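**Q** take a look and give me a structure for this.
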Amino acid sequence: MRKGVKSILVVADDDMVAAAVTAALVRAGYEVERKRHGPEVAARLSGPDGGLPDLLVIGIPVPTESGIGVLRSLLGILNERRRAIVLMGDATPEQEEELRRLGASALLPMETSSAEILGAVRDALRQA
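**A** Numbering: from 1, shown residues only. You can find the predicted model right below:
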């Protein structure tokens, strides 16, 4: 990681979503790494070479219990000082509440603009 540059880990199995989010974050000057799913992220974060990212951006196509479970396990690894932004499909109010309780600082639709994602990233990094 470069000194003074915030690091963001993007977790999304949808290549188009991941590419768009990653490109916007890189253009904004963040250091970005992308993983496709929870087990890859868990291995990366628990490995000896890993430092913890400053922020997690996770794409959950439909916030199923398995998607929420992935977020739960990742935030457990990251600890309470780290934040997450969740890009998601339709969710019930109960699922949204669970995601916020787990540490999601923003819940955004998958079709969110780059400007909105960057705004949420800046807000989440200020909260950390």
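
**Q** dig out what the most centrally placed residue in the chain forms beta bridges with.
**A** Centroid-nearest residue in the chain: Val57, 1.6 Å away (criterion: CA atoms, centre = their mean). Counting by DSSP bridges, Val57 forms beta bridges with Val10, Ile85.

**Q** I figured it hits Val11, correct?
**A** Yes. Taking contacts as CB atoms under 8 Å, Val57 lies within contact range of Val11: 7.1 Å. C-beta: built from backbone N, CA, C; applies to glycine.

**Q** who's in contact with the residue nearest to the centre of the chain?
**A** 8-12, 21, 25, 84-85, 87, 117, 121 (CB atoms under 8 Å, 6 or more residues apart in numbering).

**Q** confidence score at Ala115?
**A** The model reports Ala115 with a pLDDT of 95.

**Q** residues near it, how many?
**A** Using other CB atoms under 10 Å, Ala115 is surrounded by 9 other residues.

**Q** ok, it to Gly4 distance?
**A** Counting by CB to CB, to the nearest Å, the separation of Ala115 from Gly4 is 24 Å.

**Q** what about the helices in this protein?
**A** 15-27, 38-46, 65-78, 93-101, 114-127 (DSSP state H).

**Q** by mean pLDDT, show me the worst of those helices.
**A** In terms of average pLDDT, helix 65-78 trails the rest of the helices of the chain, at a mean of 70.

**Q** quick check: Asp54 touching Leu25?
**A** No. Assessed by CB under 8 Å, Asp54 is found out of contact with Leu25, at 11.4 Å.

**Q** which residues do the two both contact?
**A** Common neighbours of Asp54 and Leu25 (criterion: CB under 8 Å, 6+ apart): Ile8.

**Q** which non-adjacent residue is nearest Leu56?
**A** Excluding the flanking residues, the one nearest Leu56 by CB to CB, 6 or more residues apart in numbering is Ala84, at 4.2 Å.

**Q** nearest residue to Arg87 in space, please, no chain neighbours.
**A** Let me fix one detail, which is that residue 87 is Leu and not Arg. In space, and not counting its chain neighbours, Leu87 is closest to Gly59: 4.5 Å by CB to CB, 6+ apart.

**Q** pull the contacting residues for that neighbour.
**A** Neighbours of Gly59 in contact, by CB under 8 Å, 6+ apart: 10-14, 17-18, 21, 86-88, 110.
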